[in-house]
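Visitor: Here's my sequence, what's the structure:
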Amino acid sequence: MPDVIPPSMSLLTMYKLHRLAELRYRYFNDLRSSERWQRYFSQEELDARVRETKSFADYWQKAIEIARVAAEPNPEMKPEAMPPLPLQQMVTQGDADAAPLAKAS
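Guide: Okay, the predicted model is just below:
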């Protein structure tokens, strides 16, 4: 997981990284259920991989939620009075159009 998300990272990129993390998590769960994991990993290694991929997926899900909240304007507050939000800089104007497309796929 990155320590700092670059401010230039788009919401669409975050959706893609979340999708990739979810696919990796499903892969390791399928590997576990099929017993093929014994060819490649010890039990401890597999458990560590599953935990790691789940934490990546959770991390990107939280980053997406924060970025989406930061992208929504609050009509009750004037822009200069708004408190800074985490990850607010990473959301750009172009992401507002990209986010609905990412949810549909």
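Visitor: E22: what's it in contact with?
Guide: When contacts are counted by CB atoms under 8 Å, 6 or more residues apart in numbering, E22 touches A57. For every residue, glycine as well, the C-beta is placed using N, CA and C.
Visitor: What score does it have for pLDDT?
Guide: For E22, the pLDDT comes out at 94.
Visitor: Please, which helix or strand holds it?
Guide: Assigned by DSSP states H and E, E22 falls within helix 11-34.
Visitor: Beyond that helix, next helix or strand please.
Guide: helix 37-40.
Visitor: That following helix: which residues count as buried?
Guide: For helix 37-40, the buried set under the neighbour-count rule, 16 or more other CB atoms under 10 Å, comprises W37.
Visitor: helices or strands next to that helix in the packing?
Guide: The elements that helix 37-40 packs onto, with contact taken as 3 or more CB pairs under 8 Å, 6 or more residues apart in numbering; DSSP states H and E, are helix 11-34.
Visitor: at 10 Å instead, please
Guide: When contacts are defined as 3 or more CB pairs under 10 Å, 6 or more residues apart in numbering; DSSP states H and E, helix 37-40 sits against helix 11-34, helix 43-71.
Visitor: To I5, which of those lies closest?
Guide: Comparison of these against I5 by CB to CB identifies helix 43-71 as nearest, at 6.2 Å.
Visitor: Next, the angle from that closest one to helix 11-34.
Guide: 160 degrees (axes from the mean of the first three to the mean of the last three CA atoms, to 10 degrees).
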